[in-house]
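Trainee: build me a model:
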Amino acid sequence: STIGKNGFHISQRVSEFNKTVCHYAEQTFAKLKKTAAYSAKFNEKAKNKCHE
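Mentor: Numbering: from 1, shown residues only. Below is the predicted model:
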């Protein structure tokens, strides 16, 4: 059905978007290594969100 295909397409788009966001977050946190404690705390949150 069209709805099924659209639903799958949308979830695929969301998945790609999430991967992009996670990749960007990882790069950003890599740049924030100066503030290791801050970075580690938020990197943990990002990992949890990225690998739900």
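
Trainee: show me where the chain has helices.
Mentor: For the chain, helices defined by DSSP state H occupy the ranges 2-31, 36-50.

Trainee: so where's this protein shaky on pLDDT?
Mentor: Low-confidence segments of the chain (pLDDT under 70): 1-7, 33-39, 50-52.

Trainee: at 80 instead, please
Mentor: Residue ranges of the chain with pLDDT under 80: 1-10, 29-52.

Trainee: stretch 18-32: which residues count as buried?
Mentor: By neighbour count on 16 or more other C-beta atoms under 10 Å, the buried set for stretch 18-32 is 25, 29. Placement of C-beta: from N, CA and C, glycine included.

Trainee: look up how far residue 17 lies from residue 44.
Mentor: Per C-beta to C-beta, to the nearest Å, residue 44 is found 22 Å from residue 17.

Trainee: which residues touch residue 26?
Mentor: 43, 46 (C-beta atoms under 8 Å, 6 or more residues apart in numbering).

Trainee: how close does it sit to residue 12?
Mentor: 21 Å.

Trainee: could you do residue 22 as well?
Mentor: 16 Å.

Trainee: cool, residue 20 as well?
Mentor: 13 Å.

Trainee: same deal with residue 28?
Mentor: For residue 28, the distance to residue 12 - C-beta to C-beta - is 25 Å.

Trainee: do residue 40 as well
Mentor: With C-beta to C-beta as the criterion, residue 40 and residue 12 are 32 Å apart.

Trainee: try residue 45
Mentor: Counting by C-beta to C-beta, the gap from residue 45 to residue 12 is 25 Å.

Trainee: likewise for residue 44?
Mentor: 27 Å.
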